[in-house]
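Peer 1: quick check, what structure comes out for this input:
(2 chains)
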There are 2 protein chains.
Amino acid sequence: MSTSRRKFLLTAPALAVAASVPAFGHAQEKQLVHHVYFWLKNPSSKEDLNKLIEGISTLRPIPTVRQFRLGVPAATTKRDVIDDSYAVSLFTVFDDIKGHDVYQEHPVHLKFIEKYSYLWGKVTVYDSMDI
Amino acid sequence: MSTSRRKFLLTAPALAVAASVPAFGHAQEKQLVHHVYFWLKNPSSKEDLNKLIEGISTLRPIPTVRQFRLGVPAATTKRDVIDDSYAVSLFTVFDDIKGHDVYQEHPVHLKFIEKYSYLWGKVTVYDSMDI
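Peer 2: Presented below is the predicted three-dimensional model:
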């Protein structure tokens, strides 16, 4: 086996893995972060919270979704700047605005709104483009 | 070279890369998402915007930061639920509240506040724990 051939075999698997996994911090690729915060119509209803979480979970498989995180307010130390009044946080990443638009119009997303929107009293969306 | 020896050489680099990159979607590890939105005191000042971005960029190397994204409002279609009035979005991920607390008290973070806080008129923080 020549040196160069051996070198290829050693590095190729690493490159293959690297290509299949999102880059740390996405310093190179600029992506679109779509972060949605939901407030329940009945903030004290644990049942409504669970239903909303169930509903949001259905969005994960939409094909243009590159990252997906579902969260609830964390127990960090309270400060004036912190808004922890929301019920559920939905963090998603898309490659670009086109990917986001496909998600918005996707039947799974429309079905989610149709089926679960009665649960929320307020929604705030922050769309950010990486710089 | 024995077969097992060759196999080790082929897979070890791939494993090393895989271990160093965060898992896609973090379905297994529950992490803390710390998302901060900044509003400038002088929203029309491009100079202040650039200074703030420069300042936020200094936070990236703080050791407990697992993910870091700096963004500005994206050009998605305007909707009532979208808040695009902020100037800069800082998205960070920590392994847990302890990692977040280390970041908050880190000299680099304190220096950032000391040096750049004159630029912002409002800050809103959403801390979410993955579920």
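
Peer 1: where do the strands sit along chain A?
Peer 2: Using DSSP state E, the strands of chain A run over A:32-40, A:67-73, A:88-94, A:120-130.

Peer 1: between the last one and strand B:67-73, how many degrees?
Peer 2: The one in question is strand A:120-130. 100 degrees (axes from the mean of the first three to the mean of the last three Cα atoms, to 10 degrees).

Peer 1: what does strand A:120-130 contact?
Peer 2: With contacts defined as Cβ atoms under 8 Å, 6 or more residues apart in numbering or on different chains, strand A:120-130 is touched by A:26, A:29-41, A:52, A:86-87, A:100, B:35, B:37, B:69-76, B:79, B:81-84, B:86, B:89, B:91. For glycine as for every other residue, the C-beta is placed from the backbone atoms N, C-alpha and C.

Peer 1: which parts of chain A are helices?
Peer 2: Taking DSSP state H as the criterion, chain A carries its helices at A:3-20, A:46-57, A:97-105, A:107-116.

Peer 1: quick one on the thing from earlier: just the buried ones from the contacts of strand A:120-130?
Peer 2: With burial judged by 16 or more other Cβ atoms under 10 Å in any protein chain shown, the buried subset of the contacts of strand A:120-130 is A:26, A:31-38, A:40, A:52, A:86-87, A:100, B:35, B:37, B:69-74, B:76, B:82, B:86, B:89, B:91.

Peer 1: name the nearest residue to the residue nearest the centre of chain A, sequence neighbours excluded.
Peer 2: Closest to where the C-alpha atoms of chain A average out (Cα atoms, centre = their mean) is A:Thr92, at 2.1 Å. Using Cβ to Cβ, 6 or more residues apart in numbering or on different chains and skipping the chain neighbours, the partner closest in space to A:Thr92 is A:His34 (4.7 Å).

Peer 1: for A:Tyr118, same thing?
Peer 2: A:Lys41 (7.4 Å).

Peer 1: and the helices of chain A, which one is worst for confidence?
Peer 2: Mean pLDDT is lowest for helix A:3-20 out of the helices of chain A, coming in at a mean of 44.

Peer 1: alright, calling it a day.
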